[in-house]
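Trainee: please work out how this folds:
(one chain, ligands or ions: 2)
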Amino acid sequence: MPLSEFDLIERYFRACGARRADVRLGVGDDAAILECPAGAELVAAVDTLVAGVHFPQGSPPASIGHRALAVNLSDLAAMGARPAWALLALTLPEADESWLSEFAAGMAALARAHEVALVGGDTTSGPLCVTVQVLGHVPRSAALLRSSGRAGDAIFVSGAPGDAAAGLAIEQGRLAPANETAAYLRERFLYPAPRLALGERLLRYASACIDVSDGLLGDAAKLARASGCGVQIEYEQLPVSEPLVRALGADRARELALTGGDDYELCFSVRPAQVGRLLADLPPERWGYARIGTLRESAGAEVLRGGAVMSFSHSGYDHFMRSAT
Ligand code: ADP
Ligand code: MG
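Mentor: Numbers count the residues shown, from 1 in each chain. Ligands and ions are numbered 1, 2, ... in the order given. Below you'll find the model as predicted:
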């Protein structure tokens, strides 16, 4: 018997994620009613994942549910915000119950881990497409922007960029490393971990922040441009995971760390005078981040390797070097 839209929502989405006292009215009425804490600003983000574009057709449903929420939580992390509520607009080709229960479980597990309540949404039929909106808050005027970096600020990145892009290549059959390496990298694509705890801590240290979704080099350049400056990244400083180096070798691993996508890590700038305090209060080994370069006056993004400027295109290393200008 086909599942009615009402039953589908009741079964899979009414009690998805955390229970929160600030949800006055959640799933079930025409709209949700949410209570904002005094002294906070509301922070909102929305992202759409289209099957075959943002994830391979046939991805594990739990991963689709996880990622649809994770990419939005990552946007809030980049603002230094704490997420509270999510809405889900789901377009489904059919009401496949085993697909739906795995999808909802994947989303619910991540939502609960970050105390996010699913408070509403919309369900329609059509080609698979998942849109999640996340709402959260940040103390008034404290949010981390892209635009407040300055030339001279140090640039950092969290985690090990490039892993997720390698994981996607494995999903798509373009890369086939040994089993354990493949499992690690696939997991990094399928279940990214939004850096919410780090983002919130960075409210006290960072001058600017962006989440890395389209490739570290391009996203660092976006932060720099928004801040009215440029960025220089030191190739040797790029953090790469051991599995990524095993899969690709040291050079291609760093190339992917710069240009791959889907990392959902944080790239942030810190005033020189704050760097010591950052490193002391949030030990990089424990919090998982590394210094990779500096914001500078001259526009654009540049990667230095052994003092020489490397040239990159969007699709990766251009295989030619230019002399530093
Ligand atoms: P309406 O016609 O008023 O939009 P719906 O039948 O679409 O009502 O939704 C009924 C309730 O279920 C609403 O509270 C809505 O927010 C919620 N809802 C619908 N689809 C989803 C979903 N995929 N996830 C979470 N809540 C949903
Ligand atoms: Mg509706």
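
Trainee: who touches the residue of the stretch 201-325 of the chain found nearest ligand 1 in this structure?
Mentor: Of all residues in the stretch 201-325 of the chain, residue 264 sits closest to ligand 1, at 22.2 Å by C-beta to the nearest ligand atom. To be clear about C-beta, it is placed using only N, CA and C from the backbone, and glycine gets the same treatment. Contacts for residue 264 (C-beta atoms under 8 Å, 6 or more residues apart in numbering) come out as 70-71, 74, 164, 192-195, 211-213.

Trainee: count of neighbours near residue 288?
Mentor: Look at residue 288: counted by other C-beta atoms under 10 Å, it has 17 neighbours.

Trainee: that one contacts residue 159, doesn't it?
Mentor: Yes: contact criterion C-beta atoms under 8 Å: residue 288 and residue 159 qualify, at 5.7 Å.

Trainee: partners of the strand or helix carrying residue 91 in the sheet?
Mentor: Per DSSP states H and E, residue 91 falls inside strand 82-92. Paired with strand 82-92 in the same sheet, following DSSP bridges, are strand 117-125 (parallel), strand 129-139 (antiparallel).

Trainee: quick one: is the longest one near ligand 1?
Mentor: Same thing as strand 129-139. No: Strand 129-139 lies out of reach of ligand 1 by C-beta under 6 Å from any ligand atom, never closer than 9.2 Å.

Trainee: chain center to the helix or strand just after that strand, what's the gap?
Mentor: The helix or strand immediately downstream of strand 129-139 is strand 154-158, counting by DSSP H and E. Distance, stretch centre to chain centre, for strand 154-158: 15 Å (C-alpha atoms, centre = their mean, to the nearest Å).

Trainee: tell me where this protein has helices.
Mentor: In the chain, the helices defined using DSSP state H lie at 5-8, 61-79, 97-113, 163-171, 179-190, 196-202, 216-226, 242-248, 250-259, 272-281, 284-287.

Trainee: could I get those helices as CSV with distance to ligand 1?
Mentor: Listed next are the helices of the chain as CSV, based on distance: least, C-beta to the nearest ligand atom, whole Å:
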stretch, distance to ligand 1
helix 5-8, 6
helix 61-79, 11
helix 97-113, 9
helix 163-171, 25
helix 179-190, 21
helix 196-202, 21
helix 216-226, 30
helix 242-248, 35
helix 250-259, 34
helix 272-281, 39
helix 284-287, 33
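
Trainee: out of those helices, which is closest to residue 138?
Mentor: In terms of C-beta to C-beta, the element of these nearest to residue 138 is helix 61-79, at 6.1 Å.

Trainee: restricting to C-alpha, output the closest one in PDB.
Mentor: What follows is helix 61-79, C-alpha atoms only, in PDB (Å, rounded to 0.1, in the frame of the first residue of the first chain):
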ATOM      1  CA  PRO A  61      20.400   7.200   1.600                       C
ATOM      2  CA  ALA A  62      21.900   7.700   5.100                       C
ATOM      3  CA  SER A  63      24.700   9.700   3.500                       C
ATOM      4  CA  ILE A  64      22.300  11.900   1.500                       C
ATOM      5  CA  GLY A  65      20.400  12.700   4.700                       C
ATOM      6  CA  HIS A  66      23.600  13.400   6.600                       C
ATOM      7  CA  ARG A  67      25.200  15.500   3.900                       C
ATOM      8  CA  ALA A  68      22.100  17.600   3.200                       C
ATOM      9  CA  LEU A  69      22.200  18.700   6.800                       C
ATOM     10  CA  ALA A  70      26.000  18.800   7.200                       C
ATOM     11  CA  VAL A  71      26.500  21.200   4.300                       C
ATOM     12  CA  ASN A  72      24.200  23.700   6.000                       C
ATOM     13  CA  LEU A  73      25.600  23.200   9.500                       C
ATOM     14  CA  SER A  74      29.000  23.900   8.000                       C
ATOM     15  CA  ASP A  75      27.800  27.300   6.800                       C
ATOM     16  CA  LEU A  76      26.700  28.100  10.300                       C
ATOM     17  CA  ALA A  77      30.000  26.800  11.700                       C
ATOM     18  CA  ALA A  78      31.700  29.300   9.400                       C
ATOM     19  CA  MET A  79      29.700  32.100  10.900                       C
END
